[in-house]
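In: Test case, fold it:
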Amino acid sequence: MELVFKALADEGRRQLLDALRERNGQSLQELCELLPDLTRQGVTKHLRILEDANLVVTVKRGRHKLHYLNPVPINEIAERWLSNYERDKLRALSALKAALEES
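Out: Have a look, this model is predicted:
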């Protein structure tokens, strides 16, 4: 679980996960376009950290390697931590807050 928290701690890695959530099966080149401030090696390093945390799974297709989101570790964290804080009460408070902010 520590590897997942470490992986999620970086904004760039969260952006990569969001991109894979929106469209799974992207190549390294496609993912590099999302983080133009990073080198190809930097994006590769981020992907390796995500793979080590089991948040990203890769599949080779010919010469290309496609990256897929694995949401299971995030769900395990949500189940482990959110269930301890009574999710239903938090949802109700969040809905109340949103309704008050709209007014």
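In: For residue 95, give me its contacts.
Out: Applying C-beta atoms under 8 Å, 6 or more residues apart in numbering, we find residue 95 in contact with no residue. C-beta coordinates here come from the backbone N, C-alpha and C atoms, glycine included.
In: for the helix or strand containing it, which positions count as buried?
Out: Assigned by DSSP states H and E, residue 95 belongs to helix 87-102. Of the residues in helix 87-102, none count as buried by neighbour count, 16 or more other C-beta atoms under 10 Å.
In: Export that helix to PDB, keeping only CA atoms.
Out: Output of helix 87-102 as PDB, limited to C-alpha atoms (Å, rounded to 0.1, in the frame of the first residue of the first chain):
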ATOM      1  CA  ARG A  87     -18.700   7.100   3.800                       C
ATOM      2  CA  ASP A  88     -22.500   7.800   3.900                       C
ATOM      3  CA  LYS A  89     -22.100  10.600   6.500                       C
ATOM      4  CA  LEU A  90     -19.300  12.100   4.400                       C
ATOM      5  CA  ARG A  91     -21.400  12.000   1.300                       C
ATOM      6  CA  ALA A  92     -24.300  13.700   3.100                       C
ATOM      7  CA  LEU A  93     -22.000  16.400   4.400                       C
ATOM      8  CA  SER A  94     -20.500  16.800   0.900                       C
ATOM      9  CA  ALA A  95     -23.900  17.100  -0.700                       C
ATOM     10  CA  LEU A  96     -25.000  19.600   2.000                       C
ATOM     11  CA  LYS A  97     -21.800  21.700   1.400                       C
ATOM     12  CA  ALA A  98     -22.400  21.700  -2.400                       C
ATOM     13  CA  ALA A  99     -26.100  22.700  -2.000                       C
ATOM     14  CA  LEU A 100     -25.100  25.600   0.300                       C
ATOM     15  CA  GLU A 101     -22.400  26.800  -2.000                       C
ATOM     16  CA  GLU A 102     -24.900  26.900  -4.900                       C
END
